[in-house]
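In: got a predicted structure plus its sequence, pasted below:
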Amino acid sequence: MSLTSDIKDFALDLGYSGAGITSAAGFPDYAAELRKRNEMYRFYTESTLRPLDWTEPQKMMPSARSIIAVVLDCAREAVPEKFAGKIGRIYLARAYITPRARINGMRRQMMKEFLEKNGMEVTVARSVPERQAAARAGIATYGKNTFVYFDGMGSFGLVTTFVVNAELEYDSPTMTVNCPPNCTACIDACPTGALYEPLRMDPRRCIAYNCFTTIDGNPGGVTSYIPPDIREKMGSWIHGCDVCQTACPRNQKRLKMKLPPGAYLERKAHEFDLVRVLNMTDEYYRQSIQPLTYNYITEKKYLQRNAAIALGNTCDSAFIPDLSRAMSDPAPLVRGYAAWALGRIGGKAAKQTLEDSLGRETEESVRREIKSALAGT
Ligand code: SF4
Ligand code: SF4
């Protein structure tokens, strides 16, 4: 047994569904693309993750020789009906940027410790271009929707990379786009036009980005503001979006598979009721909601904003009392988006609530939202 096969065995034993190895050479094409589309990606390139620097792993870790790419299958449990169309599968798998104390964080830690015990210097680098690394390590192929696809998993996998100083045996790259030649189902299905051509996505229009990257203070001049035309297209998504993956023929086999129900998700599903999320307390957020959203959203007001948008998009007047209650939320952000939602639902009762709120509202950003909502009712 070689060290390379020991590493792969250990990864599979830990529950990863695939492992491949590539060299620590740079990713110049990816770097060039990030630079070319800098305006779209400033929120990322200007972040402390330093993704452009990590396109040259040896710049960040001079001893780097190999990148180990492992993939975790994120579609092992059935998605409870109450979650469908609200939260992306990858987040339901609780695998994304997981705290160490949780199972997927622990798995990553155990992998790192195993590599270290075998004499390696290791960096678990979140900013290595993970999808490219996975394709170069032979465990994934590209899809035109910008996701990568794994054997037997479709695109519902999460890649983690470990940069190590050992010279390992490299796998043959699989850097091909394995889509049917004329297929554009993902581009056609994308509600916002974020996927604007094969293999190209403008994150600023992506629902997933708007759910959790639009947070005040994020790099690249990002704020919590979501343009109204995107709000309307967000539908019921409050954390992520799976539309371009569920439309994909390469995912159909996986999507049609009868998956076992997961007790944790079943338990959580009713807690993610949109009305409960909209008007949740700090305690409810901490105990019930945050364990599934710690990945990106760290303040409850952003999820409340997303819930307000989703309720507005139902266009159902039954939610007017809940949105009216949100017009008294201490966070101006929540009041502003509740106002937008009331305007989207429209009708006499919504209009009355908006007028009453305008009479007592002092925050300029909320007043703007109320006036704009009233103009549409
Ligand atoms: S995740 Fe949703 S919004 Fe983003 S590119 Fe895919 S379909 Fe479009
Ligand atoms: S929908 Fe079609 S074009 Fe898009 S990723 Fe899937 S197979 Fe490729």
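Out: Arrived safely, thanks for sending. Residues are numbered from 1 along each chain as shown. Ligands and ions are numbered 1, 2, ... in the order given.

In: for this protein, what lies in contact range of ligand 1?
Out: 190-192, 194-195, 201, 206-208, 241, 243-244 (CB under 6 Å from any ligand atom). Yep, even glycine has a C-beta here, placed from its N, CA and C like the rest.

In: export the residues you listed as JSON lines, with columns for neighbour count.
Out: Below are the residues of the chain next to ligand 1 laid out as JSON lines (neighbours: other CB atoms under 10 Å):
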{"residue": "Cys190", "neighbour count": "21"}
{"residue": "Pro191", "neighbour count": "17"}
{"residue": "Thr192", "neighbour count": "21"}
{"residue": "Ala194", "neighbour count": "25"}
{"residue": "Leu195", "neighbour count": "23"}
{"residue": "Met201", "neighbour count": "24"}
{"residue": "Cys206", "neighbour count": "22"}
{"residue": "Ile207", "neighbour count": "25"}
{"residue": "Ala208", "neighbour count": "22"}
{"residue": "Cys241", "neighbour count": "26"}
{"residue": "Val243", "neighbour count": "22"}
{"residue": "Cys244", "neighbour count": "27"}
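
In: take these and keep only those in helices.
Out: 207-208, 243-244 (DSSP state H).

In: looking at these, spot the one nearest Lys59.
Out: Nearest to Lys59 out of those is Ala208 (CB to CB; 29.1 Å).

In: now the stretch 201-350 of the chain against ligand 2: closest residue?
Out: Cys248 (3.2 Å; CB to the nearest ligand atom).

In: Provide a list of residues in contact with the closest residue in space to Asp73 that isn't next to it in sequence.
Out: Counting by CB to CB, 6 or more residues apart in numbering, Ser17 is the residue found nearest to Asp73 once chain neighbours are left out, at 4.3 Å. Counting by CB atoms under 8 Å, 6 or more residues apart in numbering, Ser17 makes contact with 71-73, 150, 152-153, 157.

In: try Val277
Out: 238, 289, 303-304, 306-307.

In: ramachandran angles for it?
Out: Phi and psi for Val277, reported as degrees, to the nearest 10, are phi -70, psi -40.

In: the one 10 residues further on too?
Out: Comment: the main-chain dihedrals of Gln287 come out as phi -80, psi -40, following degrees, to the nearest 10.

In: so how far is the helix-or-strand element of the chain with minimal mean pLDDT off the chain centroid?
Out: Lowest on mean pLDDT, DSSP states H and E among the helices and strands of the chain sits helix 290-293, with a mean of 82. On the basis of CA atoms, centre = their mean, to the nearest Å, helix 290-293 sits 13 Å off its chain's mean C-alpha point.

In: other SSEs contacting it?
Out: helix 89-92 (3 or more CB pairs under 8 Å, 6 or more residues apart in numbering; DSSP states H and E).

In: nearest the middle, which residue of the chain would you pick?
Out: Taking CA atoms, centre = their mean, the centroid of the chain lies closest to Gly240, which sits 4.8 Å from it.

In: what residues are up against that one?
Out: Counted by CB under 8 Å, 6+ apart, Gly240 has contacts 87-91, 207-208, 211-212.

In: which one of those residues has the most neighbours?
Out: Neighbour tally across those (other CB atoms under 10 Å): the maximum, 28 neighbours, falls on Cys211.

In: redo the ones in helices among the residues of the chain next to ligand 1 as JSON lines? Include pLDDT and distance to Arg368.
Out: As requested, these are exported to JSON lines (pLDDT from 0 to 100; distance: CB to CB, whole Å):
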{"residue": "Ile207", "pLDDT": "98", "distance to Arg368": "23"}
{"residue": "Ala208", "pLDDT": "96", "distance to Arg368": "26"}
{"residue": "Val243", "pLDDT": "98", "distance to Arg368": "30"}
{"residue": "Cys244", "pLDDT": "98", "distance to Arg368": "32"}
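
In: can you tell me which of the residues you listed is closest to Glu364?
Out: Looking across those and measuring by CB to CB, the closest to Glu364 is Ile207, at 27.5 Å.

In: list the contacts of that closest one.
Out: Contacts of Ile207 by CB under 8 Å, 6+ apart are 191-192, 194, 230, 233-235, 237, 240-241, 243.
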